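[1] generate a structure from the sequence data that follows.
(chains A, B, C and D)
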2 protein chains.
Amino acid sequence: MTDVAVYAGVSHQTVSRVLNDSPLVKEETRAKVLAAIELLGYRRNNAARMLATQRSGRIGMVSAHLILHGPSRIATAVQEAGHQAGYEVSLVSLPEFSADSLSRAVDRLLDEAVEALVVAVAHPAAREITRALRTPIPIVLAQGVVPGQSMAAGIDQVAGAVAATEHLLDLGHTHVAHVTGPLDWVEAGQRRDGWQLAHERRHLLPGPEVTGDWSPASGYAAGQRLVADPSVTAVFVANDDMALGVLRAFHEHGRRVPDDVSVVGFDDIPEAAYFWPPLTTVNQPFSLLGRRAMELTLQALEGESEAVATLLLPELRARASTGPAPS
Amino acid sequence: MTDVAVYAGVSHQTVSRVLNDSPLVKEETRAKVLAAIELLGYRRNNAARMLATQRSGRIGMVSAHLILHGPSRIATAVQEAGHQAGYEVSLVSLPEFSADSLSRAVDRLLDEAVEALVVAVAHPAAREITRALRTPIPIVLAQGVVPGQSMAAGIDQVAGAVAATEHLLDLGHTHVAHVTGPLDWVEAGQRRDGWQLAHERRHLLPGPEVTGDWSPASGYAAGQRLVADPSVTAVFVANDDMALGVLRAFHEHGRRVPDDVSVVGFDDIPEAAYFWPPLTTVNQPFSLLGRRAMELTLQALEGESEAVATLLLPELRARASTGPAPS
DNA sequence: ACGATTACTGTGAGCGCTCACATGCCTAGC
DNA sequence: GCTAGGCATGTGAGCGCTCACAGTAATCGT
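    Below is the predicted model of the structure:
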């Protein structure tokens, strides 16, 4: 920086002003400085800047299972929203779901002097752990959100599951089976709750429940068990990947979809519309969620009072995999 | 840090030594310092450390289309390998494929003082742009790699495409149709080359070629065009997502897979084995690629001579979507 | 024509750490 | 008993930037 200053014939402070777009620098001087910067290939040293300003301009995000559709969409959306707000977003992904690995990830981010933390980990323990953190920075949850929680943005999983289940009940099915996700995920539990709630509201007994792990393979295994039960005419599967496995199991056993059995998924992955048959599913507004989470973060950063959780509404996408109950 | 030093009754330098695991500090003193750190909730200021050491311990990665399977797998693998080597990995994703957006992403990373750059962008221009960069840091390519290139790790797309095509020719098909990816992706071109090469080697004429954009929707559109051609008994599709669309188009037109027509995909996404029928496809060793790219990066960081590109071999996974040519 | 304002630019300290070096202490060797 | 050498610790400078403040020159009003 001194080099630039000398070359442009000004003081280091003037160079600093040019770099920070200060309005109090003469156009002519600015041009000289800019030219010197260009010529010398100068880049401002961010570490020094951070040290002097006591700010990092960085927001930390911790996420898990980035290979899955939902988490990866959320991470992308948060990152983009952060960039737009002029922040750098550091993403650390958890190798596994342990308290230990979470706190190591947070540690890592704290070392980078992040000014806020967005936690998108669907494990119920995530809430407690992050709450127990003794740091003054704002923490926003973007997954595994329960209603009424403060500083959190989520998608209403219960509402989505109710919509999916009701869609099937409306078609005349008397009960709906359910393939759950791993129940240590907040979302998996909430989708299961919604499925039960929809039955309760109509005074119906829910169909059988099988637990999966989000993977197509687990859906396939679940499907094979459901095939054995002839009373099952409708299945609500907790995500699209597992629904794919369920569809395959039904195909293999000659059960036609939707003639013999209807299937609904969750997530609306890009592939879902091209399954055979095209999958009725629940679309989640991930991009919106990312933006909302970032809004909350920025508000907190500006010292606004703690906002309450926002729950966004997912939306049913009816396709060919669901039809009236067989008579 | 001074606070800690005072509290522990030592000098700031001793605290620094404890923080850096220096062996020249007495066990007793170390314990005192550690206690003071714990009590005061002290965290070392990384910005100051970077400023003093002139090192950032950070590797930059630029990637595009993180929603797609391949790119996201590569990014995850690189990040993990970097962490294991004690580096922080900053990932910036490109909103689009322009030279401008690439150089902005690189700028962003250079601002963070990254010590090396991993570029995983499949666009041919990426190579030129990064090469033209006037920075002394090592740059490693992890996608869009052509053989013989230096400082790059890639997966041999041509070999994969040859394997896929030959698998079909071996089954007695006299020619294979091809659904390409967007041809401004290096990988899409290379898979197309491999498809042609396999035909040439057997002195056969390749079947029709349709261009897609990686999405299931584009695969579906391509499938509808291929259905119209009764001579098409085998299709090599440049990725699994498009293959899904192709399968659906065939289903809709009553063409049985694999009895009437065989389909091969590329990528081996987790869903592929559960398509209907299960999709024969080409598995790419993404995790290995990520590790390899990081190895190259670390070598370059240690000042080793420029290594030549590594090309990893993908592997055909034969499943039920391919069968003998109809007689 | 003078001080009061405005517009721009310069000065020096300090952010929190590590580096190179200086110092003090203890043990071993003769 | 004295010194050479190793171990443990302390000292001060400086990394590259921004902040608060102190100039200096040009402009204005009366």
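
[2] can you count the residues close to the residue of chain A found nearest DNA strand D?
    Residue of chain A nearest DNA strand D, by C-beta to the nearest atom of the strand: A:Met1 (2.5 Å). (C-beta placed from N, C-alpha, C; glycine too.) Around A:Met1 there are 17 other residues, counting by other C-beta atoms under 10 Å in any protein chain shown.

[3] cool, and A:Val232?
    Neighbour number of A:Val232 under other C-beta under 10 Å is 21.

[4] next one: it from A:Val121, what distance?
    33 Å (C-beta to C-beta, to the nearest Å).

[5] same question for A:Val6.
    From A:Val6 to A:Val121 the distance is 50 Å (C-beta to C-beta).

[6] who has more neighbours, the two?
    A:Val121 (27 against 13).

[7] residue contacts, the more buried one?
    A:62-64, A:94, A:97, A:102, A:143-144 (C-beta atoms under 8 Å, 6 or more residues apart in numbering or on different chains).

[8] low-scoring stretches of the stretch 201-327 of chain A, by residue?
    In the predicted model of the stretch 201-327 of chain A, residues A:305-307 satisfy pLDDT under 70.

[9] contact residues of it facing chain B?
    Selection of the stretch 201-327 of chain A residues close to chain B by C-beta under 8 Å from any C-beta of the partner chain yields A:215-217, A:219-220, A:241, A:244-245, A:247-248, A:251, A:270-271, A:273-276, A:278.

[10] now, these that are in helices?
    Cross-referencing these against helices under DSSP state H gives A:216-217, A:219-220, A:241, A:244-245, A:247-248, A:251.

[11] wait, A:Met294 sits on A:Ala120?
    No. In this structure, A:Met294 is not within contact of A:Ala120 by C-beta atoms under 8 Å, at 11.7 Å.

[12] quick check: neighbours shared by those two?
    Common neighbours of A:Met294 and A:Ala120 (C-beta under 8 Å, 6+ apart) are A:Val78.

[13] which one's more surrounded, the two?
    Neighbour totals were compared for A:Met294 and A:Ala120, and A:Ala120 leads with 31 against 28 (other C-beta under 10 Å).

[14] A:Val62 against A:Asp107, yeah?
    No. Using C-beta under 8 Å, A:Val62 makes no contact with A:Asp107, being 10.4 Å away.

[15] between the two, which one's more packed in?
    A:Val62 (27 against 12).

[16] the more buried one looks like it's in a strand, true?
    Yes. Judged by DSSP: H, G, I helix; E, B strand; the rest coil, A:Val62 forms part of a strand.

[17] and the residue nearest the centre of chain A, what is it in contact with?
    Among the residues of chain A, the one closest to the centroid is A:Ile74, at 3.2 Å (C-alpha atoms, centre = their mean). For A:Ile74, the contacting residues are A:63, A:120, A:142-143, A:286, A:289-290, A:293, by C-beta under 8 Å, 6+ apart.

[18] please apply the same query to A:Ala273.
    A:Ala273 sits next to A:279, A:317, A:319, B:216-217 when contact means C-beta under 8 Å, 6+ apart.

[19] same check on A:Thr174?
    Counted by C-beta under 8 Å, 6+ apart, A:Thr174 has contacts A:204, A:233, A:325.

[20] spell out which parts of the stretch 1-150 of chain A neighbour chain B.
    A:41, A:43-48, A:50-51, A:56, A:66-67, A:72-73, A:76, A:79-80, A:88, A:90-91, A:93, A:95, A:108, A:110-113, A:134.

[21] out of those residues, which are buried?
    By neighbour count, with 16 or more other C-beta atoms under 10 Å in any protein chain shown, the residues of the stretch 1-150 of chain A next to chain B hold A:45-47, A:50-51, A:56, A:66, A:72-73, A:76, A:79-80, A:88, A:90-91, A:93, A:108, A:110-113 as buried.

[22] quick check: closest non-adjacent residue to A:Leu68.
    With sequence-adjacent residues excluded and distances taken as C-beta to C-beta, 6 or more residues apart in numbering or on different chains, A:Leu68 is closest to A:Trp214, at 6.5 Å.

[23] how many neighbouring residues does that neighbour have?
    A:Trp214, neighbours per other C-beta under 10 Å, totals 24.

[24] I'd guessed it sits against A:Ala243; true?
    No. The criterion here is C-beta under 8 Å, and A:Trp214 misses it with A:Ala243 at 10.8 Å.

[25] give me the pLDDT value at A:Asn20.
    Here the pLDDT value assigned to A:Asn20 is 89.

[26] my error: substitute A:Phe97 in the last question.
    83.
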